[in-house]
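J.: Quick one, structure for this:
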Amino acid sequence: MKSLGKDMSWELPARSMTRAAEAERLEQPTEALECWRYSPVDEIEWERYQKTCSATNDDLWARGAQILSTFGEVDATVRVDGGRLVVGGTEVPGLTVSQAEAVGEFLREEDESLLTLGSLLAPGRVEIKVEAPLRRLGIITAGTGDDAGLWSWLRLSVAPDVELEVIHVDLLTGSVMHLPILEIIGHERSSVVYRHQLEHDQKALSLGYVRFRLGPEASLELDAASAHQGYTRVRTDGILEGTRAQAVIRVGYVVGAHERVDYRTFITHDAPSTTSNLLYKGVVNGDGTSIYTGMITITPLGRGSEAFQTNRNVLLSEDALAWSVPNLDIQISDVKCSHASTVGPIDEEELFYLASKGFPAEEARRTLARAFFADMGDTFAVEQQRLRAAVDEKWEAGA
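T.: Numbers count the residues shown, from 1 in each chain. Purely as a prediction, here's the structure:
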């Protein structure tokens, strides 16, 4: 196995030789590893991405602002360009935004090499601390370039008893490889809704990590919509470490020709009476591919916990492909857990019903594909609109 550090000769931040030594020893990820199974990671030309990202132009920022506006007004907007903080938002009581030196906290020996590399190469860690309730916080992250490498690290910390909604618009254009890290820390009794909107060029490559920790009675709702992508991978690691902590994750995706989405979830219940509910749903067309593998672990400390994990895919063409492998690791009794997975074409009975109502066959299939996200909840309404629009766009393009 090749050394990732040697193959990726990007310039490390001039902060310590220890970082250089750490990067040098990293092992390249491979599909032989369980957490990368089914992925095209062995096809990635790591040495290609040696250039530096260009400055994001006004048109791309405007595009991000337009997507952000569909969710309503925000109290402040944070902008991050190429991993660097450029706008920290207006002066809002209880909100602190800064850029700190990325020093590798939370890294563990068992962490994946790309997570370690991303923390080593990030130009800094953007710190967002919220200590008073906000109606809504906007974040726009952007990266653009030609065969460019991009690393970013964003950490959100929410104080006890604070309620917060975050709208995060993630933009990538050009042949960029992005290694993003997002960390969310919810302290006791905090309530966070984090809505992540991904808009990536087909030429872009994003291999991202989301990590969260929830204290006692803290709650996190993590909603994401991926409407356009090249190869986008998101690994989510969550720890419910406080009694009665709750996590809800809802992800919708539309995959067209030459596109791949890849979701990996590792949720650990490490305290009594914790709850997690994961729902991943996608429409796959053309020769697109979706991948989902998940593991829910309930440790001996998790008595009384409830955990649910669901992945559903509808395939619109013979060449479309979906891998779906949910798993459970239950280490104690007195818990309630389930997982479900479906992969298949549009239901023939539903098509027959619409045909009986006068729908032409093609229009019936399209209508059912657009309706596939309808059961993801009223609070997922804006995301549903974006996903339905993506279905229409890719349908018309024959993808």
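
J.: What's the local residue count around Asp329?
T.: Neighbour count of Asp329, defined by other C-beta atoms under 10 Å: 12. To be clear about C-beta, it is placed using only N, CA and C from the backbone, and glycine gets the same treatment.

J.: what pairs with Leu278 across the strands?
T.: Bridge pairing for Leu278 (DSSP bridges) gives the partners Ile249, Gln309.

J.: Test my guess that it contacts Gly294.
T.: Yes. Using C-beta atoms under 8 Å, Leu278 is in contact with Gly294, at 6.6 Å.

J.: Mind listing the shared neighbours of these two?
T.: Thr265, Ile267, Gln309 (C-beta atoms under 8 Å, 6 or more residues apart in numbering).

J.: from the residues you listed, which would you call buried?
T.: Thr265, Ile267, Gln309 (16 or more other C-beta atoms under 10 Å).

J.: Ignoring the adjacent residues along the chain, who's closest to the residue nearest the centre of the chain?
T.: Centroid-nearest residue in the chain: Val234, 4.6 Å away (criterion: C-alpha atoms, centre = their mean). Nearest residue to Val234 in three dimensions, chain neighbours excluded: Gly208, at 4.9 Å (C-beta to C-beta, 6 or more residues apart in numbering).

J.: got the contact list for that neighbour?
T.: Listed by C-beta under 8 Å, 6+ apart, the contact partners of Gly208 are His178, Leu179, Pro180, Ile181, Leu182, Thr232, Arg233, Val234, Arg235.

J.: do that again at 10 Å, thanks
T.: 114-115, 118, 152, 170, 178-182, 196, 198, 232-236, 262 (C-beta atoms under 10 Å, 6 or more residues apart in numbering).

J.: Equivalent analysis for Phe352, please.
T.: Ala364.

J.: what about it, which helix or strand?
T.: helix 348-356 (DSSP states H and E).

J.: What mean pLDDT does that helix get?
T.: What helix 348-356 shows for mean pLDDT is 84.

J.: Next: stretch 161-181.
T.: Mean pLDDT, stretch 161-181: 95.

J.: Tell me the buried residues in it?
T.: Applying 16+ other C-beta under 10 Å to stretch 161-181 flags 162-181 as buried.

J.: Return the distance of it from the chain's centre.
T.: Relative to its chain's centre, stretch 161-181 lies at 8 Å (C-alpha atoms, centre = their mean, to the nearest Å).

J.: now do stretch 27-44
T.: 18 Å.

J.: again, but for stretch 52-70
T.: The answer for stretch 52-70 is 19 Å, by C-alpha atoms, centre = their mean.

J.: buried set for it?
T.: Cys53, Ser54, Thr56, Leu60, Trp61, Arg63, Gly64, Ile67, Leu68.

J.: repeat for stretch 306-319
T.: Within stretch 306-319, the residues that count as buried by 16+ other C-beta under 10 Å are Glu306, Ala307, Phe308, Gln309, Thr310, Asn311, Arg312, Asn313, Val314, Leu315, Leu316, Ser317.

J.: Of those, which belong to helices?
T.: With helices taken from DSSP state H, there is no overlap with the buried residues of stretch 306-319.

J.: Adding distance to Gln331 and pLDDT, write these out as JSON lines.
T.: Formatted as JSON lines, these follow (distance: C-beta to C-beta, whole Å; pLDDT from 0 to 100):
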{"residue": "Glu306", "distance to Gln331": "15", "pLDDT": "96"}
{"residue": "Ala307", "distance to Gln331": "12", "pLDDT": "96"}
{"residue": "Phe308", "distance to Gln331": "18", "pLDDT": "95"}
{"residue": "Gln309", "distance to Gln331": "16", "pLDDT": "95"}
{"residue": "Thr310", "distance to Gln331": "22", "pLDDT": "95"}
{"residue": "Asn311", "distance to Gln331": "23", "pLDDT": "95"}
{"residue": "Arg312", "distance to Gln331": "27", "pLDDT": "94"}
{"residue": "Asn313", "distance to Gln331": "30", "pLDDT": "94"}
{"residue": "Val314", "distance to Gln331": "34", "pLDDT": "93"}
{"residue": "Leu315", "distance to Gln331": "35", "pLDDT": "93"}
{"residue": "Leu316", "distance to Gln331": "40", "pLDDT": "89"}
{"residue": "Ser317", "distance to Gln331": "41", "pLDDT": "88"}
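
J.: Would you map the strands across the stretch 251-399 of the chain?
T.: In the stretch 251-399 of the chain, strands defined by DSSP state E, counting those that start in this stretch lie at 260-269, 275-284, 289-298, 306-315, 321-330, 336-344, listed in chain order.

J.: Can you say which of the ones you listed is nearest to Arg250?
T.: Of all the strands of the stretch 251-399 of the chain, strand 275-284 sits nearest to Arg250, with 5.0 Å by C-beta to C-beta.

J.: The lengthiest helix in the chain relative to strand 275-284, how many degrees between them?
T.: Secondary structure of the chain read by DSSP H shows that its longest helix is helix 381-396. Angle, helix 381-396 to strand 275-284, by axes from the mean of the first three to the mean of the last three C-alpha atoms, to 10 degrees: 20 degrees.

J.: Which positions in helix 381-396 come out as buried?
T.: For helix 381-396, burial by neighbour count (16+ other C-beta under 10 Å) applies to Val382, Glu383, Gln384, Arg386, Leu387, Arg388, Ala390, Val391, Lys394, Trp395.

J.: beta partners for Glu337?
T.: For the record, residue 337 is Cys, not Glu. The partner residues for Cys337, given DSSP bridges, come to Ala307.

J.: contacting residues for it?
T.: His269, Ser276, Ile296, Ile298, Ser305, Glu306, Ala307, Phe308, Gln309, Leu328, Asp329, Ile330.

J.: and if you look at Tyr38?
T.: Tyr38 neighbours (C-beta under 10 Å, 6+ apart): 31, 260, 262, 289-293, 321-325.
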